[in-house]
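>>> structure of the sequence below:
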Amino acid sequence: MDARDAAGVNPGGFHVLALNGGSSSLKFGLFGARGCEMLPRVTGEAQAIGSSAGLLRVRDGHGGTTLHEETVAIADSVQAFRRIARLLAGLDVPAPDAIGHRIVHGGPQLRTHARIDTAVMAQLEAASIYAPLHVPAALSVVRAAQARYPSLPQVACLDTAFHAGLPEVARTLPVDRALQADGVQRYGFHGLSCASILAQWPEAPPRLVIAHLGSGASVTAARDGRSIDTSMGMTPNGGVMMATRSGDLDPGVLAWLVRERGMDARGLERLVDHRSGLLGVSGISGDLRRLRQMERKEPAAKLAIDMFVLSVRKQIAAMAAVLHGIDALVFTGGIGEHDAQARADICEGLGWAGIRLDASRNRGGALRIGARDAACEVRVMASEEERQICRHVHVLLAGAGDQREDSASPPLQSPSSFDACNQAGSG
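The predicted model follows:
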């Protein structure tokens, strides 16, 4: 990596390393800030973490050239990060000036992106109880990054921050009011993805629905760039059916499992996190691509796909009702960006809302896939979570100050920090 000047800053500008951990992957990107633009230098990912056949890949900033690829056993997210850091050290790219971490859940107190210090780390550790599948692994990477880059600022970029300003009618869950004091409320997730869509499309019409469809999936209603409702709830398990997560489920089912099957909390978590959704219904796989290959000969595979499609369609319809109509629908995430058949099937039942696809444009991978005379614009857009992490880090460290707030303050809405950049046009 290149040398720094006496002040410890890269002479070529300010560079942020974004780390985006999933349940079995760690995506990363090194971006350089130039005004409101975030320019990628290298990107990559570690896949199949926890298996003996993990994949580690690094691409150049344009995403076209593979700089490094290997199949290797990757025990956990920390080992993945250490391999990534060693690879970056050997490439002709700038050293990072800051590290940004995607954190799925900040808990009831931490509702905005924040530089990580002892107090913030304690809040994040306390928030692990709300997302045990995601937060502990992310914090292990934070600790590893602090050890590897002890002099660099580390920033927590929260998926929940985008939804921090949800109206009370959407935020409040229909349970005993006393539980709200314990943090029982709707938080919403995939906020970095939603924010990245708005950063790419600052002139988006006022009534926008974003369908982030991947192994985790959610649907969000945004009015004038602000989240006003979203399908996920207190945890990332609610809402639409997902790869291995159940989505919304009759709570009586859980009570029955406790009463009649003797399941404890750990057993219930294993069920709704790992043995439900597409995998649970099909008994084959949680990967929609594999189910596509088998749907003609395996009725359970077809049923799982049909249930997924219906659950997404119902949530889009619900968000259209929340918005009093819909001006635009965006598909993003792995399934949303790459599965044309899923997009077509989901939209097939939404003609009443003005949603109609152009079949050839949908199959051809166009940005705008809606019929030209349809009332609702439909787009396919890439989820740029790593780039969005870098935007948040740059804004926070470049003079906006620490965005943390005490619990008595009204929550800030994440996109507000980017109004100036969005008006100027984001990279």
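>>> and the lengthiest helix in the chain, what's buried?
Counting by DSSP state H, the longest helix found in the chain is helix 299-322. Neighbour counts using 16 or more other Cβ atoms under 10 Å place 301-302, 304-305, 307-309, 311-320, 322 of helix 299-322 among the buried residues. For glycine as for every other residue, the C-beta is placed from the backbone atoms N, C-alpha and C.
>>> mind checking the SS state of Asn237?
In three-state terms, and counting by DSSP: H, G, I helix; E, B strand; the rest coil, Asn237 is coil.
>>> off-centre distance for the longest helix of the chain?
How far helix 299-322 lies from its chain's middle: 20 Å, per Cα atoms, centre = their mean, to the nearest Å.
>>> ok, then the element right after that helix?
Proceeding N to C from helix 299-322, the next assigned helix or strand is strand 328-332, under DSSP states H and E.
>>> report the angle between that next one and helix 299-322.
Taking axes from the mean of the first three to the mean of the last three Cα atoms, to 10 degrees, one finds strand 328-332 and helix 299-322 inclined to each other by 140 degrees.
>>> residues in contact with whichever helix or strand comes after strand 328-332?
Moving toward the C-terminus from strand 328-332, the next helix or strand (DSSP H and E) is helix 333-338. Residues external to helix 333-338 that are found in contact with it (Cβ atoms under 8 Å, 6 or more residues apart in numbering): 190, 193, 211-215, 217, 288, 331, 342-343, 380-383.
>>> and with 7 Å instead?
Around helix 333-338, the neighbours that count as contacts under Cβ atoms under 7 Å, 6 or more residues apart in numbering are Ser193, Ala211, His212, Leu213, Gly214, Ala217, Leu288, Phe331, Ala342, Val380, Ala382, Ser383.
>>> try stretch 41-48
Residues from elsewhere that reach stretch 41-48 (Cβ under 7 Å, 6+ apart): 24-32, 54-61, 63, 67, 74, 80, 83-84, 91, 93-94, 386.
>>> out of those residues, list just those in strands.
Of the positions in those, 26-32, 54-60, 67 sit in strands, assigned by DSSP state E.
>>> of those, closest to Cys347?
Set against Cys347, the nearest of the ones in strands among the contacts of stretch 41-48 by Cβ to Cβ is Lys27 (28.1 Å).
>>> any low-confidence regions in the stretch 301-427 of the chain?
Filtered on pLDDT under 70, the stretch 301-427 of the chain yields the residue ranges 399-427.
>>> follow-up on the earlier one: packing partners for the longest helix of the chain?
Packed against helix 299-322 by the contact rule (3 or more Cβ pairs under 7 Å, 6 or more residues apart in numbering; DSSP states H and E) you find strand 207-213, strand 217-223, strand 226-230, helix 277-282, helix 288-294, helix 340-348.
>>> report all helices and strands that the fourth one contacts.
Using 3+ Cβ pairs under 7 Å, 6+ apart as the contact criterion, the secondary-structure elements in contact with helix 277-282 are helix 288-294, helix 299-322.
>>> may I see the buried residues of that helix?
Residues Gly277, Leu278, Leu279, Gly280, Val281, Ser282 are the ones in helix 277-282 that count as buried (16+ other Cβ under 10 Å).
>>> over to the last one?
By neighbour count on 16+ other Cβ under 10 Å, the buried set for helix 340-348 is Ala340, Ala342, Arg343, Asp345, Ile346, Cys347.
>>> same question, the second one
The neighbour-count check on strand 217-223 (16+ other Cβ under 10 Å) flags Ala217, Ser218, Val219, Thr220, Ala221, Ala222, Arg223 as buried.
>>> ok, so of these, who is nearest Val253?
Taking Cβ to Cβ as the measure, Val253 lies nearest Ala217 of the buried residues of strand 217-223, at 20.0 Å.
>>> quick check, the closest one in contact with Arg245.
No - Ala217 lies out of contact with Arg245 (Cβ atoms under 7 Å); the separation is 8.5 Å.
>>> on that earlier part again, buried among the contacts of stretch 41-48? Make that a PyMOL selection.
With 16+ other Cβ under 10 Å as the criterion, this PyMOL line picks the buried residues out of the contacts of stretch 41-48:
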select buried, resi 24+25+26+27+28+29+30+31+32+54+55+56+57+58+59+60+61+67+74+80+83+84+93+94+386
